[in-house]
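**Student:** missing the sequence, but the structure's below:
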């Protein structure tokens, strides 16, 4: 059993280096946008992640996207979350409600067709628990396994990597 301790020190969200490269499928150039709010993450506060894919030629958000989201803490090589999510309209919003729980629970509807969690009627997926509760560096890896149609799997998933840093490592709880 893993026990996570809460830390009230701020964690600062930053994307390091250039944005992820655009993926190309046929004549399409695809880019991914990931927004984390608030930008200054405080471990005991709620966090919202919003993501979508854009077709760079048309400027349109790509629909029927399945995302495999993996979040890990680099400081101790700990996997925190690995889950499949699907958005029929392409926009995926995940709200993390921080709690004193020692584990994460993912709220949404499991969709058998996409084999993934889809948003509730309010349009959000809610994760309860300590997603970014420890100070340190986090990797957010996103694999896109379907686009355009709920059941058309990509032969090779599109992969995007993001990094979130805490500039206050010396106050970390262990």
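**Tutor:** Noted; the coordinates are in hand. Since we're looking at a predicted model, the values are computed, not measured.
**Student:** wouldn't residue 98 be in contact with residue 131 here?
**Tutor:** Yes: counting by CB atoms under 8 Å, residue 131 is a contact partner of residue 98 at 7.3 Å. The way it works is simple: take the backbone N, C-alpha and C, and place the C-beta from them, glycine included.
**Student:** which residues do these two both contact?
**Tutor:** By CB atoms under 8 Å, 6 or more residues apart in numbering, residue 98 and residue 131 have these common neighbours: residue 47.
**Student:** what residue lies at the spatial centre of this protein?
**Tutor:** Taking CA atoms, centre = their mean, the centroid of the chain lies closest to residue 69, which sits 5.1 Å from it.
**Student:** Shouldn't that residue be within a strand?
**Tutor:** Yes: according to DSSP: H, G, I helix; E, B strand; the rest coil, residue 69 belongs to a strand.
**Student:** going forward can the numbers begin at 374, since that is how I track them
**Tutor:** Sure, I'll start numbering at 374, so the last one becomes residue 442.
**Student:** who touches it in this structure?
**Tutor:** Residues in contact with residue 442 (CB under 8 Å, 6+ apart) are 454-458, 467, 513-515.
**Student:** Please repeat the previous calculation with a cut-off of 10 Å.
**Tutor:** Residue 442 makes contact with 407, 422, 424, 454-458, 465, 467, 490, 498, 500, 513-516, according to CB atoms under 10 Å, 6 or more residues apart in numbering.
**Student:** ok, now residue 421?
**Tutor:** 408-411, 466-470, 497.
**Student:** try 7 Å this time
**Tutor:** Residue 421 sits next to 410, 466, 468 when contact means CB atoms under 7 Å, 6 or more residues apart in numbering.
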